[in-house]
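> fold the following for me, if possible:
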Amino acid sequence: MNTRTLTAVATALAATVTLGAAGCSGSKHSSGGKGATGKNPATANQGAMVGGTPQKGGTLTVLSNQDFTHLDPARNWVMSDMEFGTRLLYRTLVTYKAAPGTAGGELVPDLATDLGTSSNGAKTWTFRLKQGVKYEDGRPVTAQDIKYNVERSFSPDLPGGADYAARYLAGAEGYQGPAEGKHLASIKTPDDHTIVFELRKPFAEFPSATVMPTFAPVPKDKDKGPQYDNRPFSSGPYKIESYQRGKKLVLVRNTNWDASTDQVRKAYPDKLVMVMGLKANQIDDRLIASQGADTSAVSWGALRPESAAKVLPDAEVRKRLIAESTNCTDMVQMHTGRAPFNDVKVRQAVQYALDRDSVLTASGGPAFNDLSTAYMPATLFEGKAPDTLKIPSTGDIEKAKQLLKEAGKPDGFETKMTVSTGDKGRAEAIQQSLGKAGIKVTIETVDPSAFYATIGDTKNRTDIAYTGWCPDYPSGSTFLPFVFDGRYIKEKGNSGNHSLFRDEPTMKRMDEIAAMTDAKQANTAWQQLDGQILAKAPAVPVLVRRWPLVLGSNIAGAYGQTSFGGQLDYATVGLKDPSKSQG
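Numbers count the residues shown, from 1 in each chain. The predicted structure follows:
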């Protein structure tokens, strides 16, 4: 999809919002959570800013039941973490506009003066950096610092980050990072304010990739290897005052941040305090009540499904609810390289046995979720995903048993599934539905901050993982290759392809589509490939969630950023009355 334009990107993002709560075909929940009036009570604030314009000052408190997966920009590739890091702590070459709804999908320059200039048939990309951008110690941000962070993202001891550089930079094969003084010749810095990337193949979407934290600056003398995760050096509006992993993070102003160089970040609060390790149900209850200090608080994680019944019937609380679509597909991913899931019939049996309706109910119902019938979200299908398999949303147990019998497992089998602790309810729904077909699932829960490291350890992980994938921008090229291309599987820090799917015809077709110069043709080809992979059943698409967040009553400037999975946009959020905040 190498000629996809920024206009096409914005149009695809527009579908994210206009799609709303549309249901999936073949589902008894096809109303998408709408009542008799035809309105979804969860989406009244969709595409809107809540609370008015914030006042400068005060302390914004973030209540969380978990730590970050990573804050090191070389390793930060979880949607919510990326939004937090790139909006508050460090800047990237390009970013998304700070605006609710479709406008939040517009690419805008950040460290760069524009969206980059291509040459050599989109194989060379040049960015000029703004003058006057400084780190927290007052020194200028340089092109060499961006080059250094891209290079360190190749380091084996820094797994987990976005790998666009590894996929596209010329001469990157086998590169292991700059630790021994080795550098990539395909990243040139002719001066402190110019950086040039030489790609091994045309990539017209490259500016969209430079939104990733990989393209944030890191000064070489501040790099602490894996320990940099604890104290990234700020080029954004805030710096880390203190960080106790799993307990508390305190951000204060970076006094060397110059708002005149930054059209995106408003930096309203004087301080942000994230309190970690809280119980998720307590966070929900505190924000629903919105008393005392909690009036100036927000939640890091999405509202628990169990809390929906406390929020949706209450008109006053609904005024403080934002619930944008994550635009991410939850999937049951099976280890295709290990028995019994190396047998396609076994994997297909899981497809048919799964009761997606029960998982949707465990996720808070159709007000906060849409069922999936394809891997890619509906936004990559012009608003409506196809249903190529036509499996009932409640499953087909008899068909599942038949497939197991054909696979030589008439009595079923036992297996283990790893899930994040927040997904335990969904996992239990999966466990119950698969059990009806004779597939006995043992659930292993992992703290969210360690979840991706756990399932990314390909030698020691369980047979099934419940996880998902979000397109980094609206293109099939940012979804299917990352989830199903076997050439980028890593032993540790593996991302995306948690089914460990290595299928030669699929990979060949991905290369053919990537080489297409007609955007419409490529888009259609990605859509067709989605159905072709689905038939081979490396994973089962389950649902696309919304990211419901209840805000404290003193919160202003709040909306879910559609380009970052519906997470609160920390670039603009602040307080109505800073004097009411504490801390």
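> look up how far T415 lies from the residue nearest the centre of the chain.
Central residue check for the chain by C-alpha atoms, centre = their mean: the C-alpha nearest the mean position is that of M79, 2.9 Å away. Going from M79 to T415 by C-beta to C-beta, to the nearest Å gives 28 Å. No exception for glycine: its C-beta is placed from N, CA and C like everyone else's.
> just Y375 next, same as before
Taken as C-beta to C-beta, the span from Y375 to T415 is 21 Å.
> cool, N65 as well?
Going from N65 to T415 by C-beta to C-beta gives 28 Å.
> so who does K490 touch?
Residues in contact with K490, defined by C-beta atoms under 8 Å, 6 or more residues apart in numbering, are P159, G456, T458.
> my read: the last one touches G493, true?
In other words, T458. No - judged on C-beta atoms under 8 Å, T458 makes no contact with G493 at a distance of 9.5 Å.
> now do the contacts for the nearest residue to D67 once chain neighbours are set aside.
Once flanking residues are discounted, D67 sits nearest to S449: 4.0 Å by C-beta to C-beta, 6 or more residues apart in numbering. Residues counted as contacts of S449 (C-beta under 8 Å, 6+ apart) are Q66, D67, F68, T69, G246.
> at 6 Å instead, please
Q66, D67, T69 (C-beta atoms under 6 Å, 6 or more residues apart in numbering).
> got it, and A374?
A385, P386, D530.
> filter these down to the buried ones.
Neighbour counting by 16 or more other C-beta atoms under 10 Å classes A385, P386, D530 among the contacts of A374 as buried.
> strand partners (parallel or antiparallel) of the longest strand anywhere in the chain?
Ordering each strand of the chain by length in residues (DSSP state E) puts strand 321-334 first. Sheet partners assigned to strand 321-334 using DSSP bridges are listed as strand 464-469 (antiparallel), strand 539-550 (antiparallel).
> name the nearest residue to P190, sequence neighbours excluded.
Distance criterion C-beta to C-beta, 6+ apart; nearest residue to P190, sequence neighbours excluded, is V196 at 7.0 Å.
> next, count neighbours for the one you found.
Residues within reach of V196, counting by other C-beta atoms under 10 Å, total 18.
> so it sits in a strand?
Yes - according to DSSP: H, G, I helix; E, B strand; the rest coil, the state of V196 is that of a strand.
> thought T189 was touching it, still the case?
No - using C-beta atoms under 6 Å, V196 is not in contact with T189; the gap is 7.5 Å.
> what mean pLDDT does the helix or strand encompassing Q348 get?
Counting by DSSP states H and E, the element that carries Q348 is helix 344-353. For helix 344-353, mean pLDDT rounds to 98.
> just the angle between that helix and strand 539-550, please?
Using axes from the mean of the first three to the mean of the last three C-alpha atoms, to 10 degrees, the direction of helix 344-353 lies 40 degrees away from that of strand 539-550.
> ok, and what's touching the next helix-or-strand element following helix 344-353?
Next helix or strand after helix 344-353 toward the C-terminus (DSSP H and E): helix 356-362. For helix 356-362, the surrounding residues in contact (C-beta under 6 Å, 6+ apart) are N369, L371, S393, T394, G425, R426, A429, S433, V542, L543.
> now, those residues that are in strands?
Those of the contacts of helix 356-362 lying in strands (DSSP E): N369, L371, V542, L543.
> L543 is in contact with the second one, correct?
The reference is to L371. Yes - between L371 and L543 there is a contact at 5.4 Å, judged by C-beta under 6 Å.
> contacts only, for E316.
Counting by C-beta under 6 Å, 6+ apart, E316 touches no other residue.
> give me the pLDDT for it.
What the model reports as pLDDT for E316 is 96.
> then A14?
On pLDDT, A14 comes in at 31.
> and A289, how many residues sit next to it?
For A289, the neighbour count with other C-beta under 10 Å is 15.
> do you know the pLDDT at it?
As predicted, A289 sits at a pLDDT of 98.
> now do P481
pLDDT for P481: 97.
> hmm, it is touching D511, no?
No - P481 lies out of contact with D511 (C-beta under 6 Å); the separation is 9.2 Å.
> and the two? Which one has more around it.
Ranked by neighbour count (other C-beta under 10 Å), P481 and D511 place P481 first, with 22 against 12.
> give me the element the more buried one is part of.
Assigned by DSSP H and E, P481 falls in helix 480-484.
> in terms of secondary structure, what does that helix contact?
Packing contacts for helix 480-484, counted by 3 or more C-beta pairs under 6 Å, 6 or more residues apart in numbering; DSSP states H and E, involve no helix or strand.
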